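*Asks:* pasted the sequence and its predicted model underneath.
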Amino acid sequence: MVLRRPWIAAGAAGAVGVAFLGLVAVGTYAAAPASAGGALALAPGTVPAAYQGLIQKWGTLCPELSPPLLAAQLYQESGFDPTAVSPAKAYGIAQFILPTWQSHGVDGNGDGRRDIWDPADAIPSAASYDCSLAQDTSRVPGDRVANMLAAYNAGPYAVIQAGGVPPYAETQDYVKRIRSLAAGFTAQSAPIAVSAQATGAIYFAQLKLGTPYLWGGEGLPSQGGRFDCSGLTQAAYATVGIRLPRVANDQWYAGGHPSRDQLRPGDLVFFAHDLNDPRTIHHVGIYVGGGYMINAPHTGAVIRYDRIDTPDYIGATRVTSDGAAALPARGSDGVIANGSGAPAQSGDEQD
């Protein structure tokens, strides 16, 4: 949610001059140089196609921002759900509360209105708000990107007063979380390091070969030790100390995305109904090499080896501890704990 505390919202609203907001609205920062926030390119398939152009464009609004960083914030806030409503009354894909929207919302698509529910307005507003915070904290020493993110969470005054990221556990965690999560949205120009834990995850999955599938299965004794697809991958990585989210379309963001020719044993491989929308991911397995994965396929089948080269293959994730830890938490109702109204979907196609 954008500015979770009302007193922070009120303070931040006065921190940015009207002149700066006017400059943002006409795109003064659109030609910003290479971003300090990270590589400019989004990894293919990591954001819904409907928002990719907006995130790529507005993620270069100022030097401190990047498309992967903006994507990470939007995913953290709403899971890319433009209808999200939080218990704290934060709204839309960027989870603005109304006081912050009133002072920082922009008409991104030029239709004459600022609509908190319209991603074409909300995504540019999130970017311009980030950049206004970067300007507010521009004289603070240290990492400008970290200071911007800290101001997003705690307010610019807290960052100015602390001379950098303030000593609040929530704020420090937010900065680390968003920067780690951004790595999962970043196009990789070099091979991604192979996880040392991958072998252990494969070993666990191999021990489960032949186990009958159970929709919703997490391997519990009450479930007869059975799994569904994402329950198997979650349990496999839990044995090597990495806690993955429960469902496949959240596990997709637990690390970087190697290309098909860069796949290594232990990578998670994913399958989707719409290859342009990762929200439609319905299945996940653990790659073992040679074009094969171990997976829990569907009701009536057992955990087994299957080929990954099918028409619905969307890509892979190389799991990292930091990437998994950065993912937003979901409550028992499947809603992102920080305010998303988007329940997680089942990780399996056939049930």
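*Replies:* Thanks, I have it.
*Asks:* residues touching the closest residue to Leu268 other than its chain neighbours, list them.
*Replies:* Closest residue to Leu268 apart from its sequence neighbours, by CB to CB, 6 or more residues apart in numbering: Thr317 at 4.7 Å. (Glycine included, C-beta is placed from N, CA and C.) Counting by CB atoms under 8 Å, 6 or more residues apart in numbering, Thr317 touches 184, 251-257, 267-268, 270, 323.
*Asks:* closest to Val288 among those?
*Replies:* Asp267 (9.5 Å; CB to CB).
*Asks:* name the helices or strands packed onto the top strand by length along the chain?
*Replies:* For the chain, the strand with the greatest residue count under DSSP state E is strand 281-289. Packed against strand 281-289 by the contact rule (3 or more CB pairs under 8 Å, 6 or more residues apart in numbering; DSSP states H and E) you find helix 198-207, helix 229-238, helix 248-251, strand 268-272, strand 292-295.
*Asks:* Asp130 is nearest to which of those?
*Replies:* helix 248-251 (23.7 Å).
*Asks:* so which of the contacts of Thr317 wins on neighbours?
*Replies:* When neighbours are taken as other CB atoms under 10 Å, the top entry among these is Asp267 (29 neighbours).
*Asks:* my guess is that residue contacts Tyr287, does it?
*Replies:* Yes: between Asp267 and Tyr287 a contact is recorded at 4.4 Å, counting by CB atoms under 8 Å.
*Asks:* joint contacts of these two?
*Replies:* With CB under 8 Å, 6+ apart as the test, Asp267 and Tyr287 both reach Ala316.
*Asks:* thinking again about what came up before, then the longest strand of the chain to CSV, C-alphas only?
*Replies:* Only the C-alpha atoms of strand 281-289 are listed here, as CSV (Å, rounded to 0.1, in the frame of the first residue of the first chain):
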residue,chain,number,x,y,z
ILE,A,281,0.4,-20.0,-14.6
HIS,A,282,-1.3,-23.3,-13.7
HIS,A,283,1.5,-25.8,-13.2
VAL,A,284,5.1,-26.1,-12.0
GLY,A,285,7.7,-28.8,-11.9
ILE,A,286,11.4,-29.2,-11.0
TYR,A,287,13.8,-29.4,-14.0
VAL,A,288,16.2,-32.4,-13.9
GLY,A,289,18.0,-32.0,-17.2
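*Asks:* returning to what we had before: state the phi and psi torsions of the residue nearest to Leu268.
*Replies:* phi -130, psi 130 (degrees, to the nearest 10).
*Asks:* and it, how far from Trp252?
*Replies:* Per CB to CB, to the nearest Å, Thr317 is found 6 Å from Trp252.
*Asks:* shared neighbours, those two?
*Replies:* 184, 268, 270.
*Asks:* name the helix or strand of this structure that has the lowest mean pLDDT.
*Replies:* helix 18-25 (a mean of 32; mean pLDDT, DSSP states H and E).
*Asks:* coming back round to it: distance to Ile160 added to the shared contacts of Thr317 and Trp252, as a markdown table?
*Replies:* Below are the shared contacts of Thr317 and Trp252 laid out as a markdown table (distance: CB to CB, whole Å):
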| residue | distance to Ile160 |
| --- | --- |
| Gly184 | 31 |
| Leu268 | 41 |
| Phe270 | 42 |
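*Asks:* can I get the biggest helix by length in the chain in CSV, CA atoms only?
*Replies:* The residue-count maximum for a helix in the chain (DSSP state H) belongs to helix 119-136. Extracted in CSV, the C-alpha atoms of helix 119-136 (Å, rounded to 0.1, in the frame of the first residue of the first chain):
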residue,chain,number,x,y,z
PRO,A,119,-3.6,1.2,-14.5
ALA,A,120,-2.9,3.7,-17.3
ASP,A,121,-3.2,6.4,-14.6
ALA,A,122,-2.1,4.4,-11.5
ILE,A,123,1.2,3.0,-12.9
PRO,A,124,2.4,6.5,-14.1
SER,A,125,1.3,7.8,-10.7
ALA,A,126,3.3,5.2,-8.8
ALA,A,127,6.4,6.0,-10.9
SER,A,128,6.0,9.8,-10.5
TYR,A,129,5.4,9.4,-6.8
ASP,A,130,8.6,7.3,-6.5
CYS,A,131,10.5,10.0,-8.4
SER,A,132,9.1,12.8,-6.2
LEU,A,133,10.4,10.9,-3.2
ALA,A,134,13.8,10.5,-4.9
GLN,A,135,13.9,14.2,-5.4
ASP,A,136,12.8,14.9,-1.8
